[in-house]
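Enquirer: below is the structure, and that's it, no one-letter string:
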């Protein structure tokens with residue numbers, strides 16, 4: 001927590017229902033991405049690279065795999081003395097109905113005792129399900145320069161997209177005068193990234209009052225931020241420049257993987273100055289057969305390719321049989337495309353097998369086809 005005494009809390013309890021079967025057994029932040037990563041690797045790596053040593057990960061839905069994964073802080077260099085990644089599920093309560101996080105603010109409220117243990121000056125709150133690289137130390141410097149009570153990271157979106165986000169309306173100096181949640185007619189295109197820095201003492205007082213408010217949604221966007229604005233506190237928008245992706249749907253998860261095929265992609269997972277750390281999976285090197293053809297593909301260790309792969313991303317252990325074609329698609333860990341099968345504009349889930357000669361997806365489809373069950377082929 002050496003970064004000017006700032007502690008980070010990652011909100012990682014979302015259900016991710018728009019990812020359908022991909023989140024039926026695992027939490028959204030634990031979903032695989034980019035060949036060998038998990039989505040939660042990004043905020044955790046950002047914390048490590050930004051000099052933040054103590055990170056709480058607030059989990060809830062289908063959290064068994066996520067809990068075991070993030071508890072190994074050594075993956076991100078957060079296992080040294082006075083540092084660590086701490087798994088923080090909802091507190092056990094006598095009333096079973098309250099044994100959950102009721103909202104984003106409630107998730108922090110339930111962990112006030114944990115936060116107080118470290119006596120931070122600043123609290124960094126992060127969504128655990130976005131893909132981006134960001135130096136939180138620069139955001140904190142911005143926050144301190146403006147003597148802000150709260151700073152909210154924003155990214156420009158198109159006005160058509162703006163109605164899907166929380167929108168910050170700002171003055172010329174980037175001070176925020178109004179927050180609108182998913183406005184039908186947005187006044188601005190500055191979308192909240194779900195990244196906040198608060199002065200802890202100020203936020204703590206608000207959270208204690210919010211706990212006692214029966215009419216509250218216990219949510220930062222609906223309650224805490226409007227209250228700060230109503231109280232005349234100083235809120236600023238921190239403009240982020242770079243790659244950021246909300247991978248909340250099958251289409252957006254596919255797009256984020258496809259972005260890796262662009263040589264000018266701003267994410268640049270090979271950047272040695274800002275590494276994204278992940279689990280080191282033991283796997284054989286990739287094997288490309290003598291009859292295989294590969295064009296513009298992102299291929300990870302353990303893959304076996306004997307057919308054709310074009311404009312696609314293959315995760316660890318994916319297999320493409322002889323005569324098979326994988327075009328504009330994402331094969332997640334252990335996916336198997338048997339001989340002669342054709343996969344086009346699809347996302348094939350972990351360990352799914354597509355049988356011999358089967359045809360999945362279409363070049364003309366508007367949306368990406370999620371394949372989450374075995375597809376039988378020719379017997």
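Expert: Sure, I can see it. The structure displayed is predicted, hence computed values, not measured ones.

Enquirer: C-terminal to the strand ranked longest in the chain, what's the next element?
Expert: Ranked by residue count, the top strand of the chain under DSSP state E comes out as strand 190-199. Moving toward the C-terminus from strand 190-199, the next helix or strand (DSSP states H and E) is helix 200-211.

Enquirer: roughly how far apart are the residue positioned nearest the centre of the chain and residue 332?
Expert: Taking C-alpha atoms, centre = their mean as the criterion, residue 129 is the residue nearest the geometric centre of the chain, at 2.1 Å. Separation of residue 129 from residue 332 (C-beta to C-beta, to the nearest Å): 17 Å. Using the backbone N, CA and C atoms, a C-beta is placed for each residue, glycine as well.

Enquirer: helix or strand right after the lowest-mean-pLDDT helix or strand in the chain?
Expert: Ranked by mean pLDDT, DSSP states H and E, the weakest helix or strand in the chain is helix 64-70, scoring a mean of 78. Later in the chain than helix 64-70, the nearest helix or strand by DSSP H and E is strand 84-87.

Enquirer: what ranges does the stretch 101-250 of the chain have for its helices?
Expert: Per DSSP state H, counting those that start in this stretch, the stretch 101-250 of the chain carries helices over the ranges 104-109, 112-118, 136-145, 159-162, 200-211, 225-230, 250-259.

Enquirer: which of the ones you listed is buried the deepest?
Expert: Greatest average neighbour count among the helices of the stretch 101-250 of the chain goes to helix 104-109 (a mean of 24), per mean count of other C-beta atoms under 10 Å.

Enquirer: from the contact counts, what lies against it?
Expert: strand 6-12, strand 122-127, helix 200-211 (3 or more C-beta pairs under 8 Å, 6 or more residues apart in numbering; DSSP states H and E).

Enquirer: out of these, nearest to residue 61?
Expert: strand 6-12 (9.2 Å; C-beta to C-beta).

Enquirer: now that closest one: average pLDDT?
Expert: Averaged across strand 6-12, pLDDT comes to 94.

Enquirer: what are the pairing partners of the next helix or strand after it, and which direction each?
Expert: Per DSSP H and E, strand 6-12 leads on to strand 32-33 as the next helix or strand towards the C-terminus. Strand pairing for strand 32-33, determined by DSSP bridges: strand 37-38 (antiparallel).

Enquirer: what lies in contact with the partner strand?
Expert: Residues from elsewhere that reach strand 37-38 (C-beta atoms under 8 Å, 6 or more residues apart in numbering): 29, 30, 31, 32, 69, 269, 276, 278, 279.

Enquirer: redo that, cut-off 10 Å
Expert: For strand 37-38, contacts defined as C-beta atoms under 10 Å, 6 or more residues apart in numbering pick out 26-27, 29-32, 44-45, 65-66, 69-70, 131, 269, 276-279, 300, 315.

Enquirer: quick one on the thing from earlier: which of the helices of the stretch 101-250 of the chain has the lowest average pLDDT?
Expert: Looking at the helices of the stretch 101-250 of the chain, the bottom one is helix 159-162 with a mean of 85.

Enquirer: much appreciated, bye for now.
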